[in-house]
Every structure is written in C-alpha cells, then in structure tokens.
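**Student:** quick one, fold the following:
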Amino acid sequence: MRMYLATYPRKRYKTIAFICILITLFVNSIYFDRSYYSSPLIFGAATGITFTELMLVSLICTFISMRLRKRFPKEEQVIKKLSLLILTFILVSIFFKYLLFKTYAAIPFFETEFNENRLAWVYLSVSIITIFLTFLMESIHRFQAWKTALQETDQLTTAYKQSQLNALKNQVNPHFLFNCLNSLSSLIEEDEEKAEDFLNELSRVYRYLLRNDHEQLVTLHTELDFLNAYIHLLRERFGEGLRIHLSMDEGDHKKLLPPLLLQVLIENACAQNIVSKQQPLIISIASAGYHVLQATYNLQPKTFPRDMDHDSSLDIMVKKYKLLGLELIITKNRKGQQLILIPLISDKKEEEQ
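**Tutor:** Next up, the predicted model:
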C-alpha cells in the first residue's frame, strides 16, 4: 500500500518533527524521571530512539487518517470519523509505547526496569495529547478544504464571467447578424412567407441569448428549443450543405448543461469546416447512454486562414466542465470524424427524489 506522503509540503514535515521532539522530551521525562538527564549519552540515545518511534507512529497515523477521510468524506460522518481517528491513534500509540519501554528495559545501557506505574502515566499523557492533536489537525484539514473550495468557486465564477462575455459577443457578432440579415433579404424577394418564418426564428434566437446569458445551467429541453430555432437559421443560410441530426432520449431532457453549449459546438463546426452542397457538413448529436450526449461531424477543414478564434468559445466550455468536476471529451473516432462527448448534469432536486 502507498502512503501518499510525498504530496505533503516540506513545512508539514517540519511541524510534525517539532511536535515529536517536544513529546519525546515530555514522555522520557515522565518515564525515566531524573535518570533521563543523568548522562549526556543516555539523554541523547533515549531522545533519538523515542523521537524515531514517534515519527514512525506519526507516519502510520497519517496513513490511517487519509484512509478514514476517504472512507467517511461526508459532513454528517465527521463525529464517527473523529471517534475512529482518536481510538485508532490512541491504540497505535499505546502499542508502540509498550514496545518502546520494553526495549529500554531489555537494553542494559539504560539501566532501567520496566515500570508499569510510569507507563500508565505515559499512556494517559499520550492519550490527552493525541486527542488534542487530532482535533487540531482535523480543524486545519477542514480549513484547508474550505479554502480550496473557495478558490474553486472563484475559478468557476471567472469561467462563468468569460462565458457571459462570450455570449454577449455572440449577440453582437457582426458576421452572424450580417449573414442572417442577408439571408432574410434574399427570402423577402423570393418567398415572403419563408421570410416571416425566418424572422420569427431569428427573434427566438436573440430572445434566448438575452434571457439566458446570465444562467449557469439550463435543461437540455430548454437548450434544444433554442437550438431548433438556431438550426432553422443555419439551414436557410447553408441549404443542403448542412445536415444536422438530433436524437436525444426523453429521460435526458430534464438534465442540465451550460447554456449555448450545443450552439457553440455547431457554430465551431461550421466555422472550421467546408459547408457546401458538394461537400455537406453532417453533424449528429445523440444520447449515448448514461446521460451523455455524443456529437460527431465529418472533418473537411477550410484551407484559407481564419480571422477569428472559433476554438475560444469551446475552450471556455471545456474549462467550465472541468470546474464542475466533469470532462468534455474532444477527440476523433475511428472514421476520422470529430467526436465530442458531453456529460449531462443531474439537477439536485432530481437526485433527492
């Protein structure tokens, strides 16, 4: 079994060593009494041996502590966890102290006999110290966990603000608006009824952007309602050059995901790949089981240089998922297509039911 001690900072080891030195002097003073200071050799040898024993006990207790924290991670389990920690630490300390002073009695150099009365006082003292240190270390651990959670919250807030700015950029994106108005102008001349439908869908898209740019998560159902309007605009623009297939399980519709994620995915695919009748871009988004969406599209990159960083929007979504404790996987499948796996997030209310 690995003890995972290498992850501790050097300052932590220095603190443990300092505490062990103090306890060494205290414990040896109780057990050896005045003979502990009778000779520099006895003082040095006894101090070194007891200090080594205490460091070994500290490492064992650290390993046990990490195991129990993993076994009882929930807030409501803290009393049970602390009780087991204290009981285990005391038993380990008592066992090693018994072996330690039996060893001292067996070595003629120390000229001491096994004294059960003094050992009992050592047990009592060590137990009190163990209880105090356990509560102290648990308080430090909880403070560090709170500090880490606070930092992660700040990071999530930063990523969320970036997502808001990105959504605002999409709202005023001149290229997107120009293409939509150009398509609308053509439709007015060709088919007024289609032009009216196009205008209605365009208003739905911008209404969604304005309403949800401040939301952290939305349901898949809400996102799909917006996405259908957005796809309508794209089909009017690209015609048969763009084919989008959506197939989501009904059970996934109540799950959550960051707003505009699917729109960013489709926009990114259209911006980076050729979209034409001769080389149609085929985008498929479907449920892949276990509340995960699978998005695929054929790769046919544009040869001319791009003047916009289309990956930035998708990068923000990847970072946001990471901060939520999930992963947005972007890779290629066996057919050479772009593959994106999108985990859906369960609503807290849904989990409680």
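
**Student:** how much space separates Asp33 from Asn115?
**Tutor:** 9 Å (CB to CB, to the nearest Å). Backbone N, C-alpha and C define where each C-beta goes, glycine included.

**Student:** now Tyr321. Nearest residue, chain neighbours left out?
**Tutor:** Sequence neighbours aside, Leu328 is the residue nearest to Tyr321 in space, at 4.3 Å (criterion: CB to CB, 6 or more residues apart in numbering).

**Student:** Val275 is in what secondary structure piece?
**Tutor:** Val275 belongs to no helix or strand when assigned by DSSP states H and E.

**Student:** residues near it, how many?
**Tutor:** Applying other CB atoms under 10 Å, we find 20 residues neighbouring Val275.

**Student:** how about it, phi and psi?
**Tutor:** When read as degrees, to the nearest 10, the backbone of Val275 gives phi -130, psi 110.

**Student:** pLDDT score for it?
**Tutor:** We note a pLDDT of 89 for Val275 in this prediction.

**Student:** going forward can the numbers begin at 6, since that is how I track them
**Tutor:** Okay, using 6 as the starting number, the last item reads as Val280.

**Student:** wait, it touches Leu247, no?
**Tutor:** Yes: using CB atoms under 8 Å, Val280 makes contact with Leu247 at a distance of 5.4 Å.

**Student:** residues in contact with stretch 127-137?
**Tutor:** When contacts are defined by CB atoms under 8 Å, 6 or more residues apart in numbering, stretch 127-137 is touched by residues 28, 31-32, 35-36, 91, 94-95, 98-99, 102, 106.

**Student:** one step back: intersection of neighbour lists for Val280 and Leu247?
**Tutor:** With CB under 8 Å, 6+ apart as the test, Val280 and Leu247 both reach Leu286.

**Student:** quick check on the contacts of stretch 127-137: which are buried?
**Tutor:** 28, 32, 35-36, 91, 94-95, 98-99, 102, 106 (16 or more other CB atoms under 10 Å).

**Student:** who's more crowded, Asp38 and Asn120?
**Tutor:** Asn120 (16 against 13).

**Student:** so how far is Trp126 from the more buried one?
**Tutor:** In terms of CB to CB, Asn120 sits 9 Å off from Trp126.

**Student:** now do Asp257
**Tutor:** Relative to Trp126, and taking CB to CB, Asp257 is found at 65 Å.

**Student:** okay, these two: which has more neighbours?
**Tutor:** Counted by other CB under 10 Å, Asp257 and Trp126 do not tie: Asp257 has more neighbours, with 20 against 13.

**Student:** just give me the closest of the contacts of stretch 127-137 to Leu222.
**Tutor:** Closest approach between the contacts of stretch 127-137 and Leu222, by CB to CB: Ile91, at 41.0 Å.

**Student:** so what secondary structure elements neighbour the helix or strand containing that closest one?
**Tutor:** Assigned by DSSP H and E, Ile91 belongs to helix 83-111. Packing partners of helix 83-111 (3 or more CB pairs under 8 Å, 6 or more residues apart in numbering; DSSP states H and E): helix 15-37, helix 45-76, helix 121-176.

**Student:** mind checking what secondary structure Arg339 has?
**Tutor:** For Arg339, the assignment made with DSSP: H, G, I helix; E, B strand; the rest coil gives coil.

**Student:** follow-up on the earlier one: by how many degrees do the helix holding Ile91 and helix 45-76 diverge?
**Tutor:** 150 degrees (axes from the mean of the first three to the mean of the last three CA atoms, to 10 degrees).

**Student:** could you give the mean pLDDT of helix 83-111?
**Tutor:** 86.

**Student:** check stretch 319-328 too.
**Tutor:** 75.

**Student:** for it, the distance to its chain's centre please.
**Tutor:** Centre-to-centre, stretch 319-328 and its host chain are 12 Å apart (CA atoms, centre = their mean, to the nearest Å).

**Student:** what residues sit buried inside that stretch?
**Tutor:** For stretch 319-328, burial by neighbour count (16+ other CB under 10 Å) applies to 319-322, 324-326.

**Student:** who's in contact with that stretch?
**Tutor:** Against stretch 319-328 from outside (CB under 8 Å, 6+ apart): 157, 160-161, 164-165, 167-168, 171, 263, 266, 269-270, 273, 332-333, 335, 348.

**Student:** now stretch 101-118
**Tutor:** By CB under 8 Å, 6+ apart, the surrounding residues in contact with stretch 101-118 are 32, 36-37, 40, 47, 50-51, 54-55, 58, 61-62, 119-120, 124, 127-128, 131.

**Student:** make a PyMOL selection of the buried ones in the residues you listed.
**Tutor:** The buried residues among the contacts of stretch 101-118 can be selected in PyMOL (16+ other CB under 10 Å) with this line:
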select buried, resi 32+36+37+47+51+54+55+58+62+120+124+127+131
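
**Student:** for the residue nearest to His226 when sequence neighbours are not counted, give me the pLDDT.
**Tutor:** Leaving aside its sequence neighbours, His226 sits nearest to His258 (CB to CB, 6+ apart; 4.2 Å). On pLDDT, His258 comes in at 91.

**Student:** with the one 5 residues further on instead?
**Tutor:** Looking at Pro263, its pLDDT is 83.

**Student:** got it, and Arg15?
**Tutor:** Reading off the model, Arg15 has pLDDT 64.

**Student:** Asn122 too?
**Tutor:** Model confidence at Asn122, given as pLDDT, is 86.

**Student:** that one: neighbouring residues, count only.
**Tutor:** Other residues close to Asn122 by other CB under 10 Å number 6.
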